[in-house]
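A.B. asks: no FASTA, just this:
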């Protein structure tokens with residue numbers, strides 16, 4: 001392995017980050033061009049498409065703040081994205097699950113920060129529910145963050161299991 005390859009760590013996973021950003025921005029543009037704000041289209045008995053604008057963070061946290069949250073959330077997301085790229089670069093070449101997880105979280109964070117910087121809000125459009133109990137609406141970026149976090153947990157679990165087995 002060359003020195004350049006070793007320094008690249010798991011940056012090879014940035015293709016996944018770019019794919020998530022592209023799918024996220026494409027899906028949001030499609031929703032914005034075809035679905036009026038607050039309208040609902042039933043897809044399945046437990047799943048709707050709806051167009052909502054979230055000026056806050058996850059689960060509408062800080063949505064009612066007077067506007068300062070936009071800049072704080074952008075700064076926080078840019079800081080997290082930078083840290084994730086550095087982390088990816090420092091990973092060993094065999095840390096594929098961790099690399100994929102970080103790339104998914106990075107893509108989701110970047111997708112949402114693009115919305116926040118452009119519009120001052122994030123476009124959410126996936127609405128899951130059971131009868132009259134609704135989960136907060138989300139988007140492709142949020143799904144990517146959730147999937148990425150799951151991979152990070154899986155990697156941590158396997159790493160811990162491997163460390164425990166090695167110490168026996």
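C.D. replies: Yes, it's here. None of these values were measured; they are calculated from a predicted model. Residues are numbered from 1 along each chain as shown.
A.B. asks: Residue 13 versus residue 137, what's the distance?
C.D. replies: 28 Å (CB to CB, to the nearest Å). (C-beta placed from N, C-alpha, C; glycine too.)
A.B. asks: what do you get for residue 82?
C.D. replies: For residue 82 relative to residue 13 (CB to CB), the value is 16 Å.
A.B. asks: Name the residue in the two with the higher neighbour count.
C.D. replies: Per other CB atoms under 10 Å, whichever of residue 82 and residue 13 has more neighbours is residue 13, with 21 against 11.
A.B. asks: next one: phi and psi at residue 120?
C.D. replies: phi 90, psi 0 (degrees, to the nearest 10).
A.B. asks: Looks like it contacts residue 70 (just checking).
C.D. replies: Yes: between residue 120 and residue 70 there is a contact at 5.2 Å, judged by CB atoms under 8 Å.
A.B. asks: Identify the contacts common to the two.
C.D. replies: Counting by CB atoms under 8 Å, 6 or more residues apart in numbering, the contacts common to residue 120 and residue 70 are residue 55.
A.B. asks: Looking only at neighbour counts, state which of those two leads.
C.D. replies: residue 70 (17 against 14).
A.B. asks: does the more buried one count as helix, strand or coil?
C.D. replies: The three-state label given to residue 70 by DSSP: H, G, I helix; E, B strand; the rest coil is helix.
A.B. asks: residue ranges of the helices in this protein, please?
C.D. replies: 3-8, 14-34, 68-90, 96-119, 140-166 (DSSP state H).
A.B. asks: just these: most buried one?
C.D. replies: The highest mean neighbour count among these, using mean count of other CB atoms under 10 Å, belongs to helix 96-119: a mean of 22.
A.B. asks: roughly how far is that helix from the heart of the chain?
C.D. replies: Here the centre of helix 96-119 is set off from its chain's centre by 5 Å, with CA atoms, centre = their mean, to the nearest Å.
A.B. asks: Does residue 32 touch residue 49 like I think?
C.D. replies: No: judged on CB under 8 Å, residue 32 makes no contact with residue 49 at a distance of 12.0 Å.
A.B. asks: want to try CSV for the helices of the chain, with mean pLDDT and distance to residue 45 as columns?
C.D. replies: Formatted as CSV, these follow (pLDDT from 0 to 100; distance: least, CB to CB, whole Å):
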stretch, mean pLDDT, distance to residue 45
helix 3-8, 57, 47
helix 14-34, 98, 21
helix 68-90, 91, 34
helix 96-119, 96, 27
helix 140-166, 87, 20
